[in-house]
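# structure for this input, please:
(2 chains)
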Amino acid sequence: MACKLKGKIVKILSGKVHAQIQMVWKNTPLSVIVTTASCEEMGLREGDSLYVLIKGTDVMLAKSFSGKLSARNRVEGVVKHIVHGDVLSKVSVESQGDLLYAIITNMSLKEMDIKEGDIVTAIVKSTELILMKGEDE
Amino acid sequence: MLSIVLKKTWNAFHLDVDFAIPKGKITTLFGPSGAGKSSILRFISGLERADDGMICYDNATWFDNERNIHLSPQQRSIGFVFQDYALFPHMTIEQNVSYGIDEKKNKKNEVEKLLSLVGLSGYENYYPSQLSGGQKQRVALIRALAKKPDLLLMDEPLSAVDWETRRQLQEDLKRIIRSFGVTTLYVTHDVAEVYKLADKVVVLQSGKIVKQGTPEDVFLGKRLSTRIQLAGKVVAIEYDSIMAIVTVLHAEQYFKTLIDTDEVQRLNLKIGDDVVIGAKSSDVVLFKALSMV
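Okay, here's the model as predicted:
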């Protein structure tokens, strides 16, 4: 359904409706927003290991990224493979031994001149990530 | 509550289960062919005897191997619905339904009431062979319920009907069973059916219970943070160059989901597969119905 990164919860900031789950995947911090209801039902606790699911259509790519951005999740990696579609392309980005996918328009791919071997930053908002516990599927 | 503890060995196959069916609720017994589902129904009904165990409905003991109690099927208040309907072919629909009704009651009135409940008023003088599969199953259901049993056992009752009829019948079954408030054990191997009908699901594999709970707990186990989780069936897969549109039917509604084609292959996703759609509540757009006009 999406690429999966296995991380560990380091902190939970609980609000009335939402909870911000701060995680670490390998050496990279990740931030995930879930409802407090989901947080309670899943029994999330600091120290828990679980998967972060990222849909390729939710991933933005940046090249030579600098400046300030509100999106919390930024993962730097190397473009390993590009599959060209008629309107969209799938860009595989390797980072810390895991693969992430970004589905971006061919127009962006061309404008940014993204090629295999390029260093890019994959960016995802906290509200787009999904948490999954336990078994793989 | 019906509590069931059963042990039975046939050559290399061992059945060993311990579970309870809440009163007035629909419990599904879910698992692959050969898991022991139908055997459990035969033990509960009294058609067969287990090697060991106990079956109690509230304070009544139907089976207790140690005390050598084994009530006959007639002594247990049970209604049955089978996959092949099991209607009497030489009897009219009225006679078939009357068969289950208490002698003291006004049978004609009762039959009329029951037939109208399943939308079959006017079919009293038809024979089973003149009805469609869905209509036969409705008759089988009201015949089973006519004698107001404590327990309704349903053994894959919808597996012989086509897919569209099946969806409609699931709605009807749920409505009718709920209106009778009868404790029901429903055998199926269809996940979507479990989601649609069950208050509780007991998952059986190779004669053992591997999971039990609400369908949401059992199939997703509160594993996903998505607030929207819909069980449905894949009805179409359209491939683009890198993405596939997978259409999922859930409760009469079609949902189109965009999935990576590699993912479709990795999951070996096919038309007819049972799936669960997960979506974040923050990804939903809401409109007031009238503003869409």
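# ok, whichever residue of chain A sits closest to chain B - contacts?
Taking C-beta to the nearest C-beta, chain B has its nearest neighbour within chain A at A:Gly85, 3.5 Å off. Placement of C-beta: from N, CA and C, glycine included. Counting by C-beta atoms under 8 Å, 6 or more residues apart in numbering or on different chains, A:Gly85 touches A:Asn106, B:Asp240, B:Ser241, B:Ile242, B:Met243.
# out of those residues, which are buried?
Restricting those to buried positions leaves B:Ile242, B:Met243, with burial counted as 16 or more other C-beta atoms under 10 Å in any protein chain shown.
# what about the contacts of A:Gly85, which are in helices?
Residues of the contacts of A:Gly85 located in helices (DSSP state H): A:Asn106.
# I'd like the contacts of A:Gly85 as JSON lines, with distance to B:Asn109 and pLDDT appended.
Output for the contacts of A:Gly85, formatted as JSON lines (distance: C-beta to C-beta, whole Å; pLDDT from 0 to 100):
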{"residue": "A:Asn106", "distance to B:Asn109": "71", "pLDDT": "96"}
{"residue": "B:Asp240", "distance to B:Asn109": "60", "pLDDT": "82"}
{"residue": "B:Ser241", "distance to B:Asn109": "65", "pLDDT": "82"}
{"residue": "B:Ile242", "distance to B:Asn109": "64", "pLDDT": "89"}
{"residue": "B:Met243", "distance to B:Asn109": "59", "pLDDT": "90"}
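# tell me the one of the contacts of A:Gly85 nearest A:Leu131?
B:Met243 (23.7 Å; C-beta to C-beta).
# the closest one - nearest residue in space that isn't next to it in sequence?
In space, and not counting its chain neighbours, B:Met243 is closest to B:Leu258: 5.4 Å by C-beta to C-beta, 6 or more residues apart in numbering or on different chains.
# ok, now which ones touch that neighbour?
Applying C-beta under 8 Å, 6+ apart to B:Leu258 gives the contacts A:Thr57, B:Met243, B:Ala244, B:Ile245, B:Val246.
# I'd like the mean pLDDT over the strand or helix carrying it, please.
Secondary structure from DSSP states H and E places B:Leu258 in strand B:253-260. Confidence for strand B:253-260, expressed as mean pLDDT, is 90.
# stretch B:136-155 too?
90.
# and that stretch, C-alpha only, in PDB?
The C-alpha atoms that make up stretch B:136-155 are tabulated as PDB, following Å, rounded to 0.1, in the frame of the first residue of the first chain:
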ATOM      1  CA  LYS B 136     -35.300 -19.700  -1.600                       C
ATOM      2  CA  GLN B 137     -32.800 -18.600   1.000                       C
ATOM      3  CA  ARG B 138     -35.200 -16.000   2.400                       C
ATOM      4  CA  VAL B 139     -37.800 -18.800   2.800                       C
ATOM      5  CA  ALA B 140     -35.200 -21.000   4.400                       C
ATOM      6  CA  LEU B 141     -34.400 -18.200   6.900                       C
ATOM      7  CA  ILE B 142     -38.000 -17.500   7.900                       C
ATOM      8  CA  ARG B 143     -38.700 -21.200   8.200                       C
ATOM      9  CA  ALA B 144     -35.800 -21.500  10.600                       C
ATOM     10  CA  LEU B 145     -36.900 -18.500  12.600                       C
ATOM     11  CA  ALA B 146     -40.600 -19.400  12.600                       C
ATOM     12  CA  LYS B 147     -40.300 -21.700  15.600                       C
ATOM     13  CA  LYS B 148     -38.400 -18.900  17.500                       C
ATOM     14  CA  PRO B 149     -35.300 -20.900  18.300                       C
ATOM     15  CA  ASP B 150     -32.800 -19.900  21.000                       C
ATOM     16  CA  LEU B 151     -30.000 -20.300  18.500                       C
ATOM     17  CA  LEU B 152     -29.800 -19.800  14.700                       C
ATOM     18  CA  LEU B 153     -27.000 -21.700  12.900                       C
ATOM     19  CA  MET B 154     -26.200 -20.700   9.400                       C
ATOM     20  CA  ASP B 155     -23.700 -22.700   7.300                       C
END
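# where in the chain is pLDDT low?
Just so you know, I chose chain A. For chain A, applying pLDDT under 70 flags the ranges A:1, A:135-137.
# sorry, I should have been clearer: chain B.
B:103-105, B:221, B:290-293.
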